[in-house]
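Undergrad: next one to model:
(2 chains)
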Amino acid sequence: KAGVTQTPRYLIKTRGQQVTLSCSPISGHRSVSWYQQTPGQGLQFLFEYFSETQRNKGNFPGRFSGRQFSNSRSEMNVSTLELGDSALYLCASSLAGGMNTEAFFGQGTRLTVV
Amino acid sequence: AQSVSQHNHHVILSEAASLELGCNYSYGGTVNLFWYVQYPGQHLQLLLKYFSGDPLVKGIKGFEAEFIKSKFSFNLRKPSVQWSDTAEYFCAVSTSGTYKYIFGTGTRLKVLA
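TA: Coordinates of the predicted model:
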């Protein structure tokens, strides 16, 4: 079956712009979470959604937001981009999130802010 | 705050050498534990997981890990590495009610042919 699909794979944006990243989970998975991966900070949790509800949010500024649609697809938005937002953004899906479930990761969106 | 420590940031081994990567976490309650691998240019893939039961967990590609609750550890092992094991390895933990993984900083493994 198809894995987690993230689009686009690569993005170059200018400081101050905003960006929207998309994630399609594995069919039947209702939990989607997002992570930021950078060489300095590693993998940092952004937020998690289940049935269109955000259940947890990481320590990121309010410029980072997300949502989930009724078909479980998710988007994340970063407004007023800063150079430090350059990173690989990973989406993961699981059946229901929480304990005793495993997450499957997409290939990520590589965002470069110039 | 919950955290995960991976003590080895870079490891270089020759083919056929044995591998052990350390992982320690800080949380006193029930945990789920994971090892993920990221091959160059590829997505994170699950190597193995521990939810409950037998603390010795076997995963894909000959990897195994042992959960030692008293030491808050979940070390990854492989008796004989191959050149194709060159990758970055991440330990992760999840806890009840948080709906997130906390990742260690990763260990870059380079296997020399």
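Undergrad: now the most centrally placed residue in chain A, nearest residue through space, not along the chain?
TA: With distances taken as C-alpha atoms, centre = their mean, residue A:34 lies nearest the centre of chain A, 3.2 Å away. Nearest residue to residue A:34, sequence neighbours excluded (C-beta to C-beta, 6 or more residues apart in numbering or on different chains): residue A:46, at 4.1 Å. All C-beta spots, glycine's among them, are computed from the backbone N, C-alpha and C.
Undergrad: still on that earlier bit, and the residue nearest to the centre of chain A, what is it in contact with?
TA: A:23, A:45, A:46, A:47, A:48, A:66, A:74, A:76, A:89, A:90, A:91, A:92 (C-beta atoms under 8 Å, 6 or more residues apart in numbering or on different chains).
Undergrad: just how off-centre is stretch B:3-23 within its chain?
TA: Relative to the chain's own centre, stretch B:3-23 is displaced by 9 Å; criterion: C-alpha atoms, centre = their mean, to the nearest Å.
Undergrad: endpoints of that stretch, how far apart?
TA: Its start and end residues considered, stretch B:3-23 measures 10 Å (C-alpha to C-alpha, to the nearest Å).
Undergrad: try stretch B:68-82
TA: With C-alpha to C-alpha applied, stretch B:68-82 spans 26 Å between its terminal residues.
Undergrad: ok, residues contacting it?
TA: The contact list for stretch B:68-82, computed with C-beta under 8 Å, 6+ apart, reads B:13, B:15-27, B:33, B:35, B:47-48, B:50, B:55, B:61-67, B:85, B:89, B:91, B:93, B:109, B:111.
Undergrad: and if you look at stretch B:102-113?
TA: Contacts to stretch B:102-113, defined as C-beta under 8 Å, 6+ apart, come from residues A:35, A:42-43, A:45, B:2-6, B:8-15, B:17, B:19, B:21, B:23, B:25, B:36, B:38, B:81-94.
Undergrad: does the residue nearest to residue A:34 touch residue A:66 like I think?
TA: Yes: if you go by C-beta atoms under 8 Å, residue A:46 and residue A:66 touch, sitting 7.1 Å apart.
Undergrad: and chain B, which residues reach chain A?
TA: Proximity of chain B to chain A (C-beta under 8 Å from any C-beta of the partner chain) is limited to residues B:30, B:32, B:34, B:36, B:42-46, B:49, B:51-52, B:90, B:92, B:94-106.
Undergrad: how about a cut-off of 10 Å?
TA: Contact residues (C-beta under 10 Å from any C-beta of the partner chain) of chain B with chain A: B:1, B:4, B:6, B:30-32, B:34, B:36, B:38, B:41-46, B:48-49, B:51-52, B:90, B:92, B:94-106.
Undergrad: restricted to helices, list those.
TA: Among the residues of chain B next to chain A, none falls in helices (DSSP state H).
Undergrad: what segments of chain A are helices?
TA: Going by DSSP H, chain A shows no helices.
Undergrad: okay, residue A:1: pLDDT?
TA: Turning to residue A:1, the model gives it a pLDDT of 64.
Undergrad: span of stretch A:40-57 from start to end?
TA: End-to-end distance for stretch A:40-57, by C-alpha to C-alpha: 21 Å.
Undergrad: give the buried residues for it.
TA: Along stretch A:40-57, these residues count as buried under the neighbour rule (16 or more other C-beta atoms under 10 Å in any protein chain shown): A:42, A:43, A:44, A:45, A:46, A:47, A:48, A:49, A:50, A:55, A:56.
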